[in-house]
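1. no FASTA, just this:
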């Protein structure tokens, strides 16, 4: 009787641990996904700014060459 009750308790506790571990894993994956999206957005904005600067630089060079 004691062993059966103890075994049931251990199985119940293990089930709770697995449930909590899964919820922690899901929360961590959501956090990582949000961080990756945030970093991608920052990188995209930096690349866009650099591309705009580059196009302005090449445009200004071409316009200065036409005046020569």
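-> Ah, there it is. On a predicted model such as this, the values are computed, not experimentally measured, just so you know.

2. host element of the spatially most central residue of the chain?
-> With distances taken as Cα atoms, centre = their mean, residue 36 lies nearest the centre of the chain, 2.2 Å away. Using DSSP states H and E, residue 36 sits in helix 2-66.

3. show me the shaky parts of the protein.
-> Residue ranges of the chain with pLDDT under 70: 1-3, 51, 57-68.

4. how about 90 then?
-> Scanning the chain for pLDDT under 90 picks out the ranges 1-7, 42-68.

5. ok, residue 47 to residue 53 distance?
-> Distance, residue 47 to residue 53, by Cβ to Cβ, to the nearest Å: 11 Å. In short, each C-beta sits where N, CA and C put it, glycine included.

6. swap that for residue 16, please
-> Distance from residue 16 to residue 53, by Cβ to Cβ: 56 Å.

7. same check, this time on residue 38
-> With distances taken as Cβ to Cβ, residue 38 is found 23 Å from residue 53.

8. for residue 33, same thing?
-> 31 Å.

9. try residue 40
-> From residue 40 across to residue 53, the span is 20 Å (Cβ to Cβ).

10. tell me how far the helix holding residue 36 lies from the chain's centre.
-> Computed by Cα atoms, centre = their mean, to the nearest Å, the chain-centroid distance of helix 2-66 equals 1 Å.

11. begin at 50 from here
-> In the new numbering, first residue 50, that becomes helix 51-115.

12. elements contacting it?
-> Packing partners of helix 51-115 (3 or more Cβ pairs under 8 Å, 6 or more residues apart in numbering; DSSP states H and E): none among the helices and strands.

13. show the contacting residues for residue 94.
-> Applying Cβ atoms under 8 Å, 6 or more residues apart in numbering to residue 94 gives no contacts.

14. count of neighbours near residue 67?
-> Per other Cβ atoms under 10 Å, the neighbour tally for residue 67 reads 10.

15. how about the one 4 residues further on?
-> Other residues lying near residue 71 total 10 when counted by other Cβ under 10 Å.
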